[in-house]
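Undergrad: Coordinates for the following, if possible.
(chains A, B, C, D and E)
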Amino acid sequence: MLLNNKISITFFVQNILRQALLIFLYANVVVFLKLFSPWALVIPISIAAILGTCIALLLAFRTNQAYDRWWEARIAWGAIVNDSRSLIRQLQMFLDEGPHKVSLLHAFVERQCAWCFVLGDTLRGQDITERLREFLPSPDRQRLAEATNKPNAILLAHGLAIRQLFDSQQLTDYQMVQLSTNLNSLTDSMGRCERIKKTIFPRTYIFNMQVFIYLFATILPFCLDPVHYLLDVPLVTLLSSAFILIEKSALQLQDPFEGKPTDTPITTIAQTIEIDLKSMTDYPIIPDKPVTKDFYSL
Amino acid sequence: MLLNNKISITFFVQNILRQALLIFLYANVVVFLKLFSPWALVIPISIAAILGTCIALLLAFRTNQAYDRWWEARIAWGAIVNDSRSLIRQLQMFLDEGPHKVSLLHAFVERQCAWCFVLGDTLRGQDITERLREFLPSPDRQRLAEATNKPNAILLAHGLAIRQLFDSQQLTDYQMVQLSTNLNSLTDSMGRCERIKKTIFPRTYIFNMQVFIYLFATILPFCLDPVHYLLDVPLVTLLSSAFILIEKSALQLQDPFEGKPTDTPITTIAQTIEIDLKSMTDYPIIPDKPVTKDFYSL
Amino acid sequence: MLLNNKISITFFVQNILRQALLIFLYANVVVFLKLFSPWALVIPISIAAILGTCIALLLAFRTNQAYDRWWEARIAWGAIVNDSRSLIRQLQMFLDEGPHKVSLLHAFVERQCAWCFVLGDTLRGQDITERLREFLPSPDRQRLAEATNKPNAILLAHGLAIRQLFDSQQLTDYQMVQLSTNLNSLTDSMGRCERIKKTIFPRTYIFNMQVFIYLFATILPFCLDPVHYLLDVPLVTLLSSAFILIEKSALQLQDPFEGKPTDTPITTIAQTIEIDLKSMTDYPIIPDKPVTKDFYSL
Amino acid sequence: MLLNNKISITFFVQNILRQALLIFLYANVVVFLKLFSPWALVIPISIAAILGTCIALLLAFRTNQAYDRWWEARIAWGAIVNDSRSLIRQLQMFLDEGPHKVSLLHAFVERQCAWCFVLGDTLRGQDITERLREFLPSPDRQRLAEATNKPNAILLAHGLAIRQLFDSQQLTDYQMVQLSTNLNSLTDSMGRCERIKKTIFPRTYIFNMQVFIYLFATILPFCLDPVHYLLDVPLVTLLSSAFILIEKSALQLQDPFEGKPTDTPITTIAQTIEIDLKSMTDYPIIPDKPVTKDFYSL
Amino acid sequence: MLLNNKISITFFVQNILRQALLIFLYANVVVFLKLFSPWALVIPISIAAILGTCIALLLAFRTNQAYDRWWEARIAWGAIVNDSRSLIRQLQMFLDEGPHKVSLLHAFVERQCAWCFVLGDTLRGQDITERLREFLPSPDRQRLAEATNKPNAILLAHGLAIRQLFDSQQLTDYQMVQLSTNLNSLTDSMGRCERIKKTIFPRTYIFNMQVFIYLFATILPFCLDPVHYLLDVPLVTLLSSAFILIEKSALQLQDPFEGKPTDTPITTIAQTIEIDLKSMTDYPIIPDKPVTKDFYSL
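TA: Numbers count the residues shown, from 1 in each chain, chains lettered A, B, ... in the order given. Take a look at the predicted model:
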C-alpha cells in the first residue's frame, strides 16, 4: 500500500512514459504532414467522440473489475484476521484450565502465525525458510519441507493437533468438529487468495481496450483543425495518455499479490495477527506495531 | 449523520472553496488573454465533451465505491445490533432460572455494551477510559489495560465468562459452542469495520480523477467562444467546481469512521443497543433514546 | 405497491409540479429577454450536453441505490416469510404428538403473526395496540407494554416459550438451539428493515444531484437559438422536468417503509404469512387472501 | 427458454410492431409538415443527443435489473436442484440398510419430485391435479387439497415423514435436525421464487422510461434537416423502435414465471431432478431426458 | 486460459473477419454511390453518436454479464479446491489412527480426484472412461456406468462410504453429519457449474446488440462527408469491427466450459487438487505440477 504520495505518483507515471512518447512522436508526424502537405484528411471529431465514449465505458468496466479483485483480496485477508482470532478464542474457551493449557495454546498461536506469514510469502513467491524457523519447531519444519503446498500442510498440522487434543480428551467430539469448521474457513480464504493470484484477467479484454485506445490516438490528430501545431500535439498526447493512465492503474490494481506498491498489505496484516494472538494468550513479549518502511508497506 | 440540512451544506461547500477559487482565477487569466491577445487558440469543444464523459464515468465509479464502503460500514453495525440482541436472547434461553440468572445476564449485557462503545471509540481514535469505567468492573478494566486490541480483549472476556458458565454446569457443551459462534459473528463485524477503517482507497484512482478534472478545467476556457467575459468565467468555474464537488463528496463518504458529519452514527447505534439489551433483561433504569445533538449525531 | 396504473401516475406527477412550474417561469423570462434584449448571451450547447451526461450518470447511480434499498427491503420480508414457515414446520417436527401439541403450536403461530404485523406497523410508525389485542393473550400484552422495542420483545417471548418446552422435556437441547438459530434469522431480518428505515440516504448526494439539475436548467435556455419562443420554453421545461422526475422516483423508492404507494407491501405479506401458518397448523378458520384496497396495497 | 432462433425473433419483433407503427405515422406527419409548411421548427440535434444519453443509461439500468431478476430465478432453481440431490443423498446416508429402506426412499423421492413440479406449476398459475396424481398417494393428495399453499404443504409433509422416521428410531435427533435445515433451504428457494413472481417491478420506473423514449421520438423529427423525406421517416422510426425493443426485452425477461419463451425452464429442470433422484435410488424405470418441444422448452 | 499472447490474438481476430469483410464491402458500395451519384443523402453524425452511446452502454452490460459468468465459474472451481482439501483434512482428523487409516483415506482421495476430473470432462462433453479407469476400482466403475449423472453418482458413493465408516464405528453420528454437509457444498459447486453450462444467455439481448451494431454500420457511411474514399471506408470498417470485437469477446467468455482457450482451466485445477490431496495423505508418488501445453491450458 502506497503511503508517500509523491513517490508513488512518480513510480506510477513512469509506467506510461514509453507509450506517451510514442503517441507524442506520432502526433508530431501527423500534424506536420497536415500543415505542409496539400492532401488534407479531415475526420469529423464526432468519430473521436464516439470512440471516446466507448473507451470511457470500457475503462469503467476495467477499473471496476480491477478494483473488485483488489478489494476481494483485502476481504480475504480481513477474513483471515477474524478467523485467526476466533480460532484462538475458541481454543481458549474449549480447553480446560490446567498446567499445559498455556503451552498448548502457544503452539497453536505460533502455527497460526506461521500460516499467515507463509501464505503471504507463498502468494508473493518469496522464500519462506526464515518464517518457518521463526515460528515452528524443528520436527514440524521437516514434515513441511516435503509438502507441495506449504500453507495447506500447516492447516493439516492444525487439524492433527486438534485431533490429538480430542484423543487426550481435552476436547469433546462436538468441539473438535466446531474447530474443524474454523479450519475450513481458513481454507476458503486461502483458496480465495490463490484464485485471485492464479486467474489471469482475460487477455482479450485488455487487447480490446488497447485496440480502442490506439484507434483513438490514431484518429484524433486528423480530427483537429490543422492550425496550431503547438496545441494539437500536446492535446493528442495528453488525452491518449490520460486513457492509458487509467488502463495502467487497473493493470496495477488487479494483481494484488505481486510485491508492488498497490499490493494488499499482507505482511502488515500478518504482523497485526501475530500481535493480537500473542496479546490474547499472555505472551511475555509482544512484537511492536509494524512500522511502515521507506515509502510503502507490503 | 447530518441532520440539519443547511449547516451541512455550508460545511460541505467550504471544502471546495479553495479549488473553485483557483479555477476562477485561472479562467480569468485565460479569458483575458483570449480577448486581448492576437494569438487566439481555439480547441474544439468536442474535446472537452470527451473529457466530460470520461470524468462522468470515473466519478460514477468513484461515487459507487465510496457509497459501498459507507453502506458496508452501516451493514456491519447493523449486524452488531442483531448479534448483540441474539447473544443476550440466547443466554436468556440457555441459562436455568435461578437466583443468579439476572446478575449473570447483567454482566453480559454490560460487557456487550462496553464492547459496542469501545469498538466505536477505537475506530474513531477516541479515548475509551470513561466508557470502560461506566460499564466494566474494576478487575476486568485492569486486564483490558494491557491488551493491544481492546474490543478483541472484551470478546475474549465474553468467551471466558461463557466457559465459566459451562464449568459451573449452567450451560451444556452444545450451548457453549453455539454461543461461541455468536462471538465469531461479532468478531467478523469488528474485522469488517477495521478493514474499512484501515484500507486506504487506492491513491492512484484519486490521482487519475484529479488528472482528468484539472485537464478539463485547463482546456475548457480555450473551448469557449472568446466573446462574453462575464459568461465564460462563471461557466468554467461552475462546471469544474461541480465535478470537484462530487469528487469531494465521495472522499467524505468513503471513510465512515473519522468523526465527520457523514460518519456511520456508531455512538447512536451503540446507545440503541444499550437500551434494547437493558430493556430485554429487566434493568430498573433504562437510558433515554439518544437525542441528536446540535446539528449532527455520530 | 401501486396497482392502479392511472391513479399512481397522477399521484406521481403531482410531485414534480412545483419544480416544473418554477423552471417554466424561469425559461419564459430568459427566452423573453433573449428575444427582446440586444445583449444576446449564447452558450455552446455542448456545455449542456456535458452536464446532461453527468446528470444521466448521477441519476443512474441514484436510481440504482434507491432500487437496491427497495429490493433489499423486499428481500428482508421474503426472508421473514421463509423463516416464519420454517419455524412453525420445525416446531411441528420437533414436538411430540400429544394432547397439547395443537394448542402449543397455535400459541407460536399467533405470536409469530403478531411479530410480523407489529414489525410492519412499527416500521411505518403506526399504532400497534389493535394488532396485539388480536393475536396475543392479555399477560403477554402487558409485558410487551413496557418494552422499548416491541418486535424484539416478541422474539424474546418466543425464546422463553421455547425454553419452557425444553424445561418440560418436549424439546431436546439440540432442538432448542436449532430453533434459537431460527430466531436469530428473524432478528437479522428485523435489523435489516430497521437499518433501511433509519439510514438516511447521504444528503450530500441528493444535494449534488440538485446542483447539477438546476445548473442544467439555468444554462439550457441560453444554449437554444433565440428564435422560437413556443419551442424553447416547453423544451427547457420538459427536459429539466424529466430529470427531476427520475430524481423524485428515486426519492420515493429509497424509503420503503413510509406508508407510500411505492412501499414494500408489508401488511399484505404479513397477511400471507398468517394464512400460511394457520393453514399449516389446522386452524378451523383461515382468513381470506388479502384483497387489494382502493388503489394500492400496503 | 428459446431454442429456435428464427421463431423467437419473430415472436419478439411482434411485440414492438404497434409502437413502431405509431411512431412511423407520427414521423410522417411531422416530416410532411416540415417540408410543406412555411413555419419551420428546428430543434438542435444536441437536445436529442442529451435525451439519447439519458435513455441509454436508463435502459442500461432497466436491462440490468431485469437480467438480475431472471438470473436470480435461475439461481433459485439451481439451488432447488442441489438441495433435492443433497436431501436424498443424506437420507440414503442416514437410514439403516433394511428391507424398508428402498420404499422409504422412494416415498421421499416422489414427494420431492411432486414438490418441484407443483412449485413450477403454481408459479405459472397452472393446474396441478395431474402432477399430484402422478407422484403422490391418495391420502397425501387429499390432505393437500385443503392447503392454501400447496408447495409449502408438501414440505410440511416431508417434515412430518422425517419425524416419523425419528419416532421409529431410524433417524437420530441430530440427523432429523440436519434434514430439517435441508427443508429450510428448500423453503428459502421457494420463497425466493414467490418474491420474484409477486414483486412488480416499480411502475414509476417503467413510466419514466416511456416518458423519455416518447419525448425522444417526439423531438427527433424536428432535429433532422427537412430535406429527405425518405431518409428522415425511417431514421426516426428505426431509432425509436430500437429503444422500445430494449425496453420490451427487459419487460419480457423481468418476469421469468409467466409461461413465456424467455421463462426460466422450470419444467425441464424439474424433469432433470426427477431423473437424477430416481437414478440415485435405483428406480427400475427412469424417464428419458426431456426432449425440447417445438421451438422452446419451459 | 490463453498463455501465448500472439497466437491468442490471431485466434481471436479470425472470429470477426467475416463480419468485418461484409461491412468493408458495404462501406465501399455506399461511399462509391455517394461520390458518383447526384442523389446525396446526408445523415447528421449526431445520430451515429446517439447510436454509439447506446451500443457502448449495451456492450458494457454485455461485457459485465459475460465476465460475471466466467468469474462465477472460476469461483465455483475455487470452492471445489477448498472443499476437496477440507473434506480430506476432516477425514484425517475424524478417523482413528489404525492399520487401515491410510488405505481408507486413499480411497476417498481417489474418489475425490475422479469426481473433479469427471465433473470437468462432463461439463466439456468429453469421454470419461479413461478417467474412471485411472482413479476408481472396477466395482465402482460398473455401478457408475448406469448412472445418468456421473459426478452426482460419485458423490453418492462418497456418502455411502462415509456411512460404512459410521456403521463400523470409525465415525460418530455427529462427524458423519458434518462430512455430509461437506458433500452438500460439493453438490452446490457442481450445480453452479451445470447452471452456467446449461443456461443460455438470453438470445433477445444478443439480438438487440446486433440490431444496434448493424444499424450503426448501416448509418455511419451516410454520416461522413463524401470526400475521401480512402478515409471513409477504413473508418467505417474499423469502428464497426471494434464494436463487433467486443461483442465477440463477451460471447467467448460467457460460456466457460466449451473447451475454448478462454475456458476456466478445469483440467489444470483438477490436477492441482490431485497433487494437494495426494501430498496431504502421504502418497509415495505425487504427480508433477501440470505443465501448460502448446499455447493454452484447459
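
Undergrad: Could you look up the SS state of the closest residue to residue A:199 other than its chain neighbours?
TA: Spatial nearest neighbour of residue A:199, chain neighbours left out: residue E:74 (5.5 Å); criterion: Cβ to Cβ, 6 or more residues apart in numbering or on different chains. (Each C-beta comes from the backbone N, C-alpha and C, glycine too.) Following DSSP: H, G, I helix; E, B strand; the rest coil, residue E:74 is assigned to helix.

Undergrad: Quick check: the gap between residue A:260 and chain D.
TA: Distance of residue A:260 to chain D, given as Cβ to the nearest Cβ, to the nearest Å: 33 Å.

Undergrad: That residue reaches residue A:251, doesn't it?
TA: No. At 10.3 Å, residue A:260 does not count as touching residue A:251 under the criterion of Cβ atoms under 8 Å.

Undergrad: What residues sit buried inside stretch A:275-288?
TA: A:275-281, A:283 (16 or more other Cβ atoms under 10 Å in any protein chain shown).

Undergrad: returning to what we had before: give me the pLDDT value at the residue nearest to residue A:199.
TA: Looking at residue E:74, its pLDDT reads 95.

Undergrad: and what of residue A:198?
TA: Model confidence at residue A:198 (pLDDT) stands at 90.

Undergrad: can you give me phi and psi for it?
TA: phi -90, psi -20 (degrees, to the nearest 10).

Undergrad: How about residue A:60: what's its closest non-neighbour residue?
TA: Nearest non-adjacent residue to residue A:60 (Cβ to Cβ, 6+ apart): residue B:57, at 4.5 Å.

Undergrad: just residue A:30 next, same as before
TA: For residue A:30, the spatially nearest residue (Cβ to Cβ, 6+ apart) is residue A:221, at 3.9 Å.

Undergrad: Now do the strands in the stretch 51-200 of chain A.
TA: Here the stretch 51-200 of chain A has no strands by DSSP state E, counting those that start in this stretch.

Undergrad: Neighbours of the closest residue to chain C within chain A, how many?
TA: Of all residues in chain A, residue A:53 sits closest to chain C, at 8.8 Å by Cβ to the nearest Cβ. Residues lying near residue A:53 (other Cβ atoms under 10 Å in any protein chain shown) number 25.

Undergrad: list the contacts for it?
TA: Contacts of residue A:53 were listed using Cβ atoms under 8 Å, 6 or more residues apart in numbering or on different chains, and they are B:50, B:53, E:49, E:52-53, E:56.

Undergrad: Just give me the closest of those residues to residue B:42.
TA: residue B:50 (16.2 Å; Cβ to Cβ).

Undergrad: Residue A:48 is in contact with the closest one, correct?
TA: Yes. The criterion here is Cβ under 8 Å, and residue B:50 meets it with residue A:48 at 6.7 Å.

Undergrad: Quickly find the element holding the residue nearest to residue A:30.
TA: Using DSSP states H and E, residue A:221 maps to helix A:203-223.

Undergrad: and that helix, what does it pack onto?
TA: helix A:5-36, helix A:45-94, helix A:229-254, helix E:5-36, helix E:229-254 (3 or more Cβ pairs under 8 Å, 6 or more residues apart in numbering or on different chains; DSSP states H and E).

Undergrad: got a list of what the nearest residue to residue A:285 once chain neighbours are set aside touches?
TA: Of all residues not flanking residue A:285 in the chain, residue A:278 sits nearest, at 8.0 Å (Cβ to Cβ, 6+ apart). For residue A:278, the contact set (Cβ under 8 Å, 6+ apart) comprises A:109, A:285-287.

Undergrad: Now render the residues you listed as a markdown table, adding secondary structure.
TA: Below are the contacts of residue A:278 laid out as a markdown table (three-state DSSP):
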| residue | secondary structure |
| --- | --- |
| A:109 | helix |
| A:285 | coil |
| A:286 | coil |
| A:287 | coil |
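
Undergrad: Return the closest of those residues with respect to chain D.
TA: Nearest to chain D among those: residue A:109, at 32.2 Å, using Cβ to the nearest Cβ.

Undergrad: Pick out the residue nearest the middle of chain A.
TA: In chain A, the residue lying closest to the centroid (Cα atoms, centre = their mean) is residue A:256, at 1.4 Å.

Undergrad: Pretty sure it sits in a strand.
TA: No. Counting by three-state DSSP, residue A:256 is not found in a strand; it is coil.

Undergrad: Confirm for me that it is in contact with residue A:75.
TA: No. Applying Cβ under 8 Å, one finds residue A:256 not in contact with residue A:75, separated by 11.0 Å.

Undergrad: Relative to residue D:185, how far out is residue A:161?
TA: Separation of residue A:161 from residue D:185 (Cβ to Cβ, to the nearest Å): 33 Å.

Undergrad: for residue A:176, that is, sorry about that
TA: Distance, residue A:176 to residue D:185, by Cβ to Cβ: 26 Å.

Undergrad: Neighbour count: these two, which is higher?
TA: residue A:176 (24 against 20).

Undergrad: Next, count neighbours for residue A:290.
TA: 16.

Undergrad: Please verify my assumption that it contacts residue A:270.
TA: No. Assessed by Cβ under 8 Å, residue A:290 is found out of contact with residue A:270, at 9.1 Å.
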